[in-house]
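Visitor: Let me see the structure of the following:
(2 chains)
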Amino acid sequence: MSEIERDHVLRRAVQTLQQLPSTDADAIRRVVEAAAAQRVMPAADDPVAVSAAVPSRRRSWRLAGFTGLVAAAAIVGFFVRGQFTRSAPSVAVASNAPSLGGGALVSAVNGEQDVRPIPQQFVFRSATARRVSVVGDFNEWNAARARMTREAAGDLWSVTILIAPGRHTYGFMVNDSTFTLDPDTRVARTRDPDLGAEGSVVIVGRP
Amino acid sequence: MSARLAASALVVLAFSARGACAQDSLAFKGADRETRAALATIVAEASARGLPTAPIVSKVQFALVVHAPSARIVATAKTVADRLGVARDAIATDTLSADIANGEDALSFRIPKEILTRIHVAAPNRSIAVPLAVLTQLVASNVPADHASDIVVRLMRQGATAGQLLALGNNVSSDVQRGAKGAESADIRLRGLTPLLSPGAVTTGDLSASSPAAPGPRKP
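Guide: Predicted coordinates:
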């Protein structure tokens, strides 16, 4: 039995975290509260509960310390996540993205460069839209992640984002409510084999 | 609480938070509670198997965007998770997420897993995300899977750049959208690439089905 399994506090902390539905600010708050609650109201089989009574001031200090530890751990977790997650196909807005055509040629099967995200520009034309986003499997179809900006004196919307190499399905979300395919006739479209829905296709790789 | 215990708790919680954070897109807004719970289970199980979960989440989000029914969303998520496992096994045990994701995409178009292995063997220890993507696009453009894999493997062995592979996939897609037949377009586009590539690396036999009869005009 490992030290973690022997220690009821750690065991409970791990159990609580394993029940996390999602990780957002609310989830973090719930974890902290759950951990705190377990320290304040230990279960009947909790060895802590049957130990000598703890002065309330000391317990309060311990609770605060434990809560702080949980919060610190969560923060550290957020940081290390980015360091160790391997080539997750998430995207980031690249406001100063380099030109797609400016890089040196890289062999299709050559080295680590192939897995690095690549800037990809999307352009959409609409004179009436109030808001346009590009949504696709590269940003989990989340319109908030890739808002497009409209040229000051025109009807072209554009955004450049970093995308993992590979084949991606996408479309545009107009006014956060209307999903539309890329109207560019040169862009391939595909019917999703599982859902039967159509999407535009972009294949991303270094030139 | 001892310092040792505190330090242990810090480490455990930090890594737990990191793992949970990887699921930060699991809100699945638009799905009912029951569906969300089923999806969370599927994602958690895939994560426990060491599979990338982003393709599952993305597929679910796409399903929500196109208003697919709940039962179909859950079934699709399960299917994607299963395919991710098959893709990983077909490619390698220690495979990049992008490769597994593109392998799963290929499997969704009924490309046999043996072809995924063949692509991997053509470029062991290197990312095959782009070759798999082009392979899938060719098959999606009605090029038979065996023929498409012949073409991709041939180009890989001849040292084609990612850009050249991409051009092939995109050009074939465009040709097909304008009414051309997939296999015919693929052969023509391959002939356009061949003069640009090294001829020495190709072995005869396994690629004979797609060998061009004669070099054609150069394609930019």
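Visitor: Tally up the residues packed near the closest residue to A:Val187 other than its chain neighbours, please.
Guide: In space, A:Val187 comes closest to A:Ser200 once its chain neighbours are excluded; the distance is 5.1 Å by CB to CB, 6 or more residues apart in numbering or on different chains. Using the backbone N, CA and C atoms, a C-beta is placed for each residue, glycine as well. Residues near A:Ser200, counting by other CB atoms under 10 Å in any protein chain shown, number 21.
Visitor: got a list of what A:Ser200 touches?
Guide: Residues in contact with A:Ser200 (CB atoms under 8 Å, 6 or more residues apart in numbering or on different chains) are A:169-171, A:181-182, A:187-190.
Visitor: counting contacts, what elements does the helix ranked longest in chain B pack onto?
Guide: When chain B is parsed with DSSP state H, its longest helix is helix B:70-91. Contacts defined by 3 or more CB pairs under 8 Å, 6 or more residues apart in numbering or on different chains; DSSP states H and E place helix B:70-91 against helix B:33-48, helix B:54-65, helix B:97-108, helix B:113-122.
Visitor: Take that helix, keep the C-alpha atoms, and write them as PDB.
Guide: Presented in PDB, the C-alpha positions along helix B:70-91 are these (Å, rounded to 0.1, in the frame of the first residue of the first chain):
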ATOM      1  CA  SER B  70     -28.400  13.000 -27.700                       C
ATOM      2  CA  ALA B  71     -28.300   9.200 -28.300                       C
ATOM      3  CA  ARG B  72     -26.300   9.800 -31.500                       C
ATOM      4  CA  ILE B  73     -23.900  12.100 -29.700                       C
ATOM      5  CA  VAL B  74     -23.100   9.500 -27.100                       C
ATOM      6  CA  ALA B  75     -22.800   6.700 -29.600                       C
ATOM      7  CA  THR B  76     -20.500   8.800 -31.700                       C
ATOM      8  CA  ALA B  77     -18.300   9.700 -28.700                       C
ATOM      9  CA  LYS B  78     -18.000   6.000 -27.900                       C
ATOM     10  CA  THR B  79     -17.100   5.200 -31.500                       C
ATOM     11  CA  VAL B  80     -14.500   7.900 -31.600                       C
ATOM     12  CA  ALA B  81     -13.000   6.700 -28.400                       C
ATOM     13  CA  ASP B  82     -12.800   3.100 -29.800                       C
ATOM     14  CA  ARG B  83     -11.200   4.300 -33.000                       C
ATOM     15  CA  LEU B  84      -8.600   6.300 -31.100                       C
ATOM     16  CA  GLY B  85      -7.600   3.100 -29.400                       C
ATOM     17  CA  VAL B  86      -7.400   1.200 -32.700                       C
ATOM     18  CA  ALA B  87      -5.500   4.100 -34.300                       C
ATOM     19  CA  ARG B  88      -2.900   4.100 -31.500                       C
ATOM     20  CA  ASP B  89      -2.400   0.400 -31.600                       C
ATOM     21  CA  ALA B  90      -2.100   0.500 -35.400                       C
ATOM     22  CA  ILE B  91       0.500   3.300 -35.400                       C
END
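Visitor: from memory B:Thr95 sits against B:Arg88, does it?
Guide: Yes - counting by CB atoms under 8 Å, B:Thr95 does reach B:Arg88; the two are 5.6 Å apart.
Visitor: who touches both of the two?
Guide: Residues touching both B:Thr95 and B:Arg88 (CB under 8 Å, 6+ apart) are B:Gly103.
Visitor: and the longest helix of chain B with helix B:54-65, angle?
Guide: Helix B:70-91 and helix B:54-65 are oriented at 160 degrees to each other (axes from the mean of the first three to the mean of the last three CA atoms, to 10 degrees).
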